[in-house]
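Novice: need a 3D model of the sequence below.
(one chain, ligands or ions: 2)
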Amino acid sequence: MTATLEQRLDAFRRLDDAKLTFARRDWFPGTSGNLSIKLESEPLQFAVTASGKDKTKLSPEDYLIVDQDSRPVDATTLKPSAETLIHAVVYKTFPKAGACFHVHTVWNNLISELYFGQRAFSIQGQELIKGLGIWEENAHITIPIVENFADIPTLAAEIEKVITQEVPGVLIRNHGIYAWGGNDFEAKRHLEAFEFLFEYHARWLQLRQAAVSTTTTN
Ligand SMILES: CSC[C@@H](O)[C@@H](O)C(=O)COP(=O)(O)O
Ligand SMILES: [Zn+2]
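Specialist: Ligands and ions are numbered 1, 2, ... in the order given. Predicted coordinates for the structure are as follows:
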């Protein structure tokens, strides 16, 4: 099945919304980031951002539709995101995933660097963990971290090995985060929850360090 024109336009409109919202937060520095929304599961088809575009702006050439092999479905001069393969891995691993968002932020980069040499970042007891759809009391979550392989098939294969049903995201060290959800609303909520947790934790470490220094110098 091929997505109808109406389905495509609806996905493009939703991608516009997410893109402008994230752009207002400076989550796409230097053309970084990419976004996708699934259109069909079998065979896989999704709308994805075109590569190298200024994601703070809207243009008629922002998105294209790709297939399960990350190839454009229609004849086009647009190039799909260089990281389209990662979106495909997410959709193939989690058939219920309907949207996948990738952003580079200072906080997600700092967290991945703070836990240099470790393969995950964990946090417990924060209310915003519920934003990830995890409702148990005092929940403890672990977000995998993969190394930033320049070769995208290698990076996508590493991501495929570590992503789990439990936590809808993965950090790429000194690069950014991929977060997904059943639809664009959920993927956005997950991304926002992750970013809150990263910023909170990094600031908390900073304040704790400052408090320790003050105590030891007094
Ligand atoms: C311009 S820095 C970012 C890129 O190398 C890449 O990581 C990225 O997120 C955007 O690539 P793109 O091909 O535009 O989807
Ligand atoms: Zn990236």
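
Novice: helix/strand/coil for the residue nearest to the spatial centre of the chain?
Specialist: Using CA atoms, centre = their mean, the residue of the chain that lies closest to the mean C-alpha position is Y178, 2.2 Å off. Per DSSP: H, G, I helix; E, B strand; the rest coil, the secondary structure class of Y178 is strand.

Novice: ok, T77 - how many residues close by?
Specialist: By other CB atoms under 10 Å, 8 other residues sit near T77. For glycine as for every other residue, the C-beta is placed from the backbone atoms N, C-alpha and C.

Novice: ok, now T4?
Specialist: Other residues near T4 come to 10 when the count uses other CB under 10 Å.

Novice: could you do I141 as well?
Specialist: 19.

Novice: residues contacting it?
Specialist: For I141, the contacting residues are S122, I123, Q124, I129, L132, I134, E166, V167, by CB atoms under 8 Å, 6 or more residues apart in numbering.

Novice: other SSEs contacting the lowest-mean-pLDDT helix or strand in the chain?
Specialist: Sorting the helices and strands of the chain by mean pLDDT, DSSP states H and E puts helix 184-217 at the bottom, at a mean of 94. Secondary-structure packing of helix 184-217 (3 or more CB pairs under 8 Å, 6 or more residues apart in numbering; DSSP states H and E): helix 5-24, strand 99-103, helix 106-114, strand 120-124, strand 169-172, strand 176-181.

Novice: what about that helix, near ligand 1?
Specialist: No: applying CB under 6 Å from any ligand atom, one finds helix 184-217 separated from ligand 1 by no less than 13.9 Å.

Novice: re the thing from before, and of the helices and strands packed on helix 184-217, who's closest to L191?
Specialist: For the helices and strands packed on helix 184-217, distance to L191 was read as CB to CB. The smallest value, 4.1 Å, belongs to strand 176-181.

Novice: what's the angle from that closest one to strand 99-103?
Specialist: Angle, strand 176-181 to strand 99-103, by axes from the mean of the first three to the mean of the last three CA atoms, to 10 degrees: 160 degrees.

Novice: can you list the strands that strand 176-181 pairs with?
Specialist: strand 99-103 (antiparallel), strand 169-172 (antiparallel) (DSSP bridges).

Novice: and the last one, average pLDDT?
Specialist: When you say that, I think you mean strand 169-172. The average pLDDT within strand 169-172 is 98.

Novice: identify the residues contacting the nearest residue to D74 once chain neighbours are set aside.
Specialist: Leaving aside its chain neighbours, D74 sits nearest to I65 (6.5 Å; criterion: CB to CB, 6 or more residues apart in numbering). Taking CB under 8 Å, 6+ apart, we find I65 in contact with A3, R8, L39, Q45, F46, A47, V48, P72, V73, D74.

Novice: any idea which helix or strand carries I65?
Specialist: For I65, the host element (DSSP states H and E) is strand 63-67.

Novice: the following helix or strand past that strand close to ligand 1?
Specialist: Per DSSP H and E, the first helix or strand lying C-terminal to strand 63-67 is helix 84-93. No: between helix 84-93 and ligand 1, judged by CB under 6 Å from any ligand atom, nothing touches; the nearest distance is 7.7 Å.

Novice: list the contacts of helix 84-93.
Specialist: For helix 84-93, contacts defined as CB under 8 Å, 6+ apart pick out 34, 36, 38, 41, 44, 46, 48, 66, 68-70, 81, 97, 100, 102, 152-153, 155-157, 159-160, 163, 178, 180.
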